[in-house]
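Enquirer: Have a look; sequence and predicted model below, questions after that.
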Amino acid sequence: MVLPQLELALTATLWTSLALVVYAYVGYPLLLDWLAGLFGRRSWPAPRPGESLPTVSLLIAALNEEKWIADRVLNALHQDYPPDRLRVVIASDGSTDRTCQIVEGLAARYPGRVLLYDFSQRRGKATVLNSVLPELTSEIVALSDANTFFARDAVRNLARWFRDRSVVAVCGKLNLVDAATGRNVDGLYWRYENFLKEREGRLGALLGANGAVYAIRQANYFLIPGDTIIDDFVIPLQMKLRTGGRIVYDAAAEATEETPPRVADEFRRRARIGAGGFQSLARLWPLALPSAGWTALAFVSHKLLRWFAPLFLVLALAANLLLLHRPEFRLLFALQASFYAAAAVGALLPGNSTAIRGLRLATLFTSMNAALALGFWRWLAGLQRGTWQRTAR
């Protein structure tokens with residue numbers, strides 16, 4: 001028999017936990033869309049006659065990327081951008097394959113346009129960025145990955161925003177493609193995330209950037225702690241905190257990247273992001289204060305509540321179990337159990353029918369929260385390091 005006071009507390013815990021999860025994933029996007037429509041702006045930077053484009057360094061931190069690095073450098077060199085104002089910088093973080101030799105060959109072939117930083121000891125991406133970025137003399141630094149390929153006008157679209165002195169960072173749009181067919185495989189969840197970026201951008205509340213395609217104003221870069229796990233989240237937001245500048249989302253600055261071939265690789269990536277999110281709280285907490293405006297709403301709703309969603313889901317399930325003596329809660333427990341069963345079935349069944357895709361939404365949601373829970377544990381136990389582990393591609 002559950003005491004009345006305990007039953008009341010369990011009921012409140014159950015409904016509050018479920019309400020916070022539903023708000024984070026459904027309620028907030030609806031609210032955001034409404035707010036962006038009322039208060040957002042769709043500004044596009046207009047070129048000024050006779051104005052020259054800023055100098056740009058396209059910086060790629062690389063670890064054992066011999067498979068991709070030549071094509072990636074050539075892709076960068078062939079941007080629709082004045083060659084004398086664009087330089088490609090490769091920073092090798094202790095590569096042990098032929099990455100550096102390949103880049104050296106390209107540097108000889110394109111003198112002055114390709115620069116290599118060869119760090120023989122692996123130190124982690126954050127430390128590499130701290131070593132290289134302050135030495136660059138360009139006005140703008142575009143950051144990307146070795147396996148990401150820019151659309152021909154991506155650098156131009158990123159750079160155009162910096163005519164506005166209030167802009168400190170610009171996030172582009174990443175398209176995901178299937179490694180076998182090359183077809184676009186942006187799923188519902190990725191389109192959902194891009195929707196949030198676009199709406200948050202219109203409110204001036206964009207949270208971080210996509211590490212595959214973004215740019216920053218070099219003069220506004222501040223050194224980040226060497227153990228930083230998710231640098232593309234911390235760098236733009238730290239710049240925003242310290243300067244009060246804007247982070248912009250530009251869907252016209254496009255890039256493509258192959259999806260990881262194994263589900264385990266994606267799970268590991270999400271766990272790393274989860275650990276990095278909890279780590280960043282100690283450094284970015286002022287963004288959750290009301291004085292941060294729309295950014296505070298986005299930070300709490302889009303990030304904090306999602307990072308703690310695994311805890312809310314566990315609390316909801318545990319409270320529900322202790323309330324099974326009441327018929328209405330037996331029904332709710334059956335719904336929760338059915339959802340997790342559907343997630344398991346979606347992970348096991350082959351095919352791509354509408355029904356199976358529906359099941360896989362439950363799989364995606366469950367696996368994402370499991371990865372966040374693992375990330376929290378890894379952060380709490382100090383197991384997640386700032387050094388990266390290359391994903392098989």
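Expert: It's in.
Enquirer: Geometric centre of this protein: which residue is closest?
Expert: Centroid-nearest residue in the chain: Asn210, 4.7 Å away (criterion: Cα atoms, centre = their mean).
Enquirer: Surely it is in a strand?
Expert: No: Asn210 sits outside any strand when classified using DSSP: H, G, I helix; E, B strand; the rest coil, being coil.
Enquirer: ok, Arg217 to Leu106 distance?
Expert: With distances taken as Cβ to Cβ, to the nearest Å, Arg217 is found 27 Å from Leu106. C-beta coordinates here come from the backbone N, C-alpha and C atoms, glycine included.
Enquirer: rewinding a little: and for the residue nearest to the centre of the chain, nearest residue in space, chain neighbours not counted?
Expert: Once flanking residues are discounted, Asn210 sits nearest to Leu174: 5.0 Å by Cβ to Cβ, 6 or more residues apart in numbering.
Enquirer: who's the one you found bridged to?
Expert: Taking DSSP bridges as the rule, Leu174 bridges to Ala255.
Enquirer: Tell me the secondary structure of Glu200, please.
Expert: At Glu200 the chain is in helix, as set by three-state DSSP.
Enquirer: What helices and strands are in contact with the one helix or strand Leu359 maps to?
Expert: Per DSSP states H and E: Leu359 is located in helix 354-380. Helices and strands touching helix 354-380, by 3 or more Cβ pairs under 8 Å, 6 or more residues apart in numbering; DSSP states H and E, are helix 188-202, helix 263-284, helix 305-307, helix 309-321, helix 327-348.
Enquirer: is it possible to export these to JSON lines including distance to Asn75 and mean neighbour count?
Expert: Below are the helices and strands packed on helix 354-380 laid out as JSON lines (distance: least, Cβ to Cβ, whole Å; neighbours: other Cβ atoms under 10 Å):
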{"stretch": "helix 188-202", "distance to Asn75": "22", "mean neighbour count": "17"}
{"stretch": "helix 263-284", "distance to Asn75": "23", "mean neighbour count": "18"}
{"stretch": "helix 305-307", "distance to Asn75": "33", "mean neighbour count": "20"}
{"stretch": "helix 309-321", "distance to Asn75": "37", "mean neighbour count": "18"}
{"stretch": "helix 327-348", "distance to Asn75": "35", "mean neighbour count": "14"}
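Enquirer: Mean pLDDT for those - can I get that in a markdown table?
Expert: Compiled in a markdown table, the helices and strands packed on helix 354-380 are given as follows (pLDDT from 0 to 100):
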| stretch | mean pLDDT |
| --- | --- |
| helix 188-202 | 91 |
| helix 263-284 | 87 |
| helix 305-307 | 95 |
| helix 309-321 | 96 |
| helix 327-348 | 92 |
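Enquirer: and those helices as JSON lines, adding distance to Gly124?
Expert: Below are the helices and strands packed on helix 354-380 laid out as JSON lines (distance: least, Cβ to Cβ, whole Å):
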{"stretch": "helix 188-202", "distance to Gly124": "26"}
{"stretch": "helix 263-284", "distance to Gly124": "12"}
{"stretch": "helix 305-307", "distance to Gly124": "22"}
{"stretch": "helix 309-321", "distance to Gly124": "26"}
{"stretch": "helix 327-348", "distance to Gly124": "32"}
